[in-house]
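A.B. asks: Sequence and predicted model, in that order:
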Amino acid sequence: MNPRETAETLTAIIEPPVEGAGYELVDLAYVREPHGWVVRVFIDGPHGVAHADCERVSRELSAVLDVHDVIPHAYTLEVSSPGLDRPLRTAAHFARFVGQKARVKLHHGVGGRRNFSGTIRAVSPSGTDVTLDVDGAAFVLPLADLERANLEYRFPKSGR
């Protein structure tokens, strides 16, 4: 299996126990880094995620991955919160953050453009497109073409 197929298989294996523990699987990455292979799992909960939550889910996922034995070599499992620049993968993710800023990169693009930064305005009723307001212009972006998307957190300006 190539890394992308492995990531898809890992998502199918990992999502049920994460949801069963009361969390949402926000994203999963299976990547080769200089120190070796890493399975990076991002979870969120209704009231956020604390370090203890990540430890608990990591222990559970470690056992689940050992049973399924999908990865034939050594790897590191990392479980963390999605952070301020939370990944957006699904229509539900975009719908949850309507009114907030996001960065979106598409595989093929719209109108010759692949990179967008703006405010999430809406998700189509079918869940296939998201509308992003970029400097006053509305762009309808197909989620099927999504390469990567993240919230774009803006720190409040200090009064100094």
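C.D. replies: Arrived safely, thanks for sending. Fair warning: this is a prediction, and the values are worked out from it, not measured in the lab.
A.B. asks: Who are the contact partners of residue 139?
C.D. replies: Neighbour list for residue 139: 110, 111, 113, 116, 118, 131, 132, 133 [criterion: C-beta atoms under 8 Å, 6 or more residues apart in numbering]. The C-beta positions use only the backbone N, C-alpha and C, and glycine is treated the same way.
A.B. asks: Please name whichever of those residues scores lowest on pLDDT.
C.D. replies: Comparing pLDDT over the contacts of residue 139, the lowest score belongs to residue 111 (88).
A.B. asks: Now render the contacts of residue 139 as TSV, adding distance to residue 140, neighbour count and secondary structure.
C.D. replies: Below are those laid out as TSV (distance: C-beta to C-beta, whole Å; neighbours: other C-beta atoms under 10 Å; DSSP: H, G, I helix; E, B strand; the rest coil):
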residue	distance to residue 140	neighbour count	secondary structure
110	7	16	strand
111	10	6	coil
113	12	11	strand
116	11	19	strand
118	12	20	strand
131	5	17	strand
132	8	24	strand
133	11	16	strand
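A.B. asks: which one among those gets closest to residue 152?
C.D. replies: Distance to residue 152, by C-beta to C-beta, is smallest for residue 118 among the contacts of residue 139, at 8.8 Å.
A.B. asks: The closest one and residue 133 touch, don't they?
C.D. replies: Yes: the pair residue 118 / residue 133 is scored as a contact, 5.0 Å apart, by C-beta atoms under 8 Å.
A.B. asks: So what touches the host helix or strand of residue 106?
C.D. replies: Per DSSP states H and E: residue 106 is located in strand 101-110. Identification of contacts with strand 101-110 by C-beta under 8 Å, 6+ apart yields 88, 94, 114-120, 130, 132, 139-142, 145-154.
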